[in-house]
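A.B. asks: coords please:
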Amino acid sequence: MNKVLAFIMVLLPMLVACTNGSMERKLTSQDSTSVAVEEVNAQRSLIITKVCDSIFALHPGDINNKIIQEDIAADLTKYVLSYKGKHMPMLEEITFKMKGIAQEGNHYVAVLMYQSEADKKDLGQEVQVCVKATREEAATFYEGRDYKVKGLVNGFPFQSAMPYAIKIYSSDRPTLSFGGIELSDAEVIPA
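C.D. replies: So this is what the prediction gives:
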């Protein structure tokens, strides 16, 4: 028993000395990589991923075919417009980046963007939201910062922001774009 007690008395101060009296754990680069992988996996379980995968699966064939692209764009449009006048859960779980603020008459429009790059395995996703704001509200937004958005879907603010469905970059998988979606009664909350 005395040997065990002596061993503990020698071991305990050594452990404290090795940790500088602190049990706080520092992140290593390996830990940072694990955190990044967990964040990517969380992003891949978002509603937007499930919606894009489902719509894309309905239209097998050559992604360069204009008819397939038009059908995918029509399905993306139908999905968004099914939430007209309602909250869209997909938008409320995404973290957007503030792209800019423009003045339109006596109000301002904040434009926020979410983008997930395509890779060999996963489709890319892209959605932009436009939110009207007062001058005072717009003054609190910062370009390049992350925000969460809550609001009611109005539709597509201008024709050029309608879903264009497919953009093909250098990867094997395309990016599905929901275009620009206008929200009303919206809250823009720093993430």
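
A.B. asks: quick one: Glu137 and His107 touch, right?
C.D. replies: No. Assessed by CB atoms under 8 Å, Glu137 is found out of contact with His107, at 9.4 Å. Using the backbone N, CA and C atoms, a C-beta is placed for each residue, glycine as well.

A.B. asks: so between the two, which is more surrounded?
C.D. replies: The neighbour count for Glu137 versus His107, taken as other CB atoms under 10 Å, is higher for Glu137 (17 against 12).

A.B. asks: which residues sit in contact with the more buried one?
C.D. replies: By CB atoms under 8 Å, 6 or more residues apart in numbering, the contact set of Glu137 is 108, 188.

A.B. asks: double-check that it belongs to a helix.
C.D. replies: Yes. The assignment for Glu137 (DSSP: H, G, I helix; E, B strand; the rest coil) places it in a helix.

A.B. asks: who does Gln128 bridge with?
C.D. replies: Beta-bridge pairing for Gln128 (DSSP bridges): Met113, Gly180.

A.B. asks: report the contact partners of it.
C.D. replies: Contacts of Gln128 by CB under 8 Å, 6+ apart are 99, 111-114, 161, 178-181.

A.B. asks: per-residue pLDDT, it?
C.D. replies: For Gln128, the pLDDT comes out at 92.

A.B. asks: distance of it relative to Ile67?
C.D. replies: Going from Gln128 to Ile67 by CB to CB, to the nearest Å gives 25 Å.

A.B. asks: nearest residue to Gly85 in space, please, no chain neighbours.
C.D. replies: In this structure, Gly85 finds its nearest non-sequential neighbour in Leu152, 5.8 Å apart by CB to CB, 6 or more residues apart in numbering.

A.B. asks: in ChimeraX, how would I select just the buried ones from the contacts of Gln128?
C.D. replies: A single ChimeraX command suffices to select whichever of these are buried according to 16 or more other CB atoms under 10 Å:
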select :111,112,114,161,178,179,180,181
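
A.B. asks: tell me which of the contacts of Gln128 has the lowest pLDDT.
C.D. replies: Within the set of the contacts of Gln128, pLDDT is lowest for Ala161 (53).

A.B. asks: thinking again about what came up before, mind telling me what element the residue nearest to Gly85 is part of?
C.D. replies: Using DSSP states H and E, Leu152 maps to strand 146-155.

A.B. asks: with Met90 instead?
C.D. replies: For Met90, the host element (DSSP H and E) is helix 89-93.

A.B. asks: residues in contact with Phe56?
C.D. replies: By CB under 8 Å, 6+ apart, Phe56 lies in contact with 72, 123, 174, 176.

A.B. asks: before we move on, what about Cys130?
C.D. replies: Contact analysis of Cys130 by CB under 8 Å, 6+ apart lists 109-111, 157, 161, 180-183.
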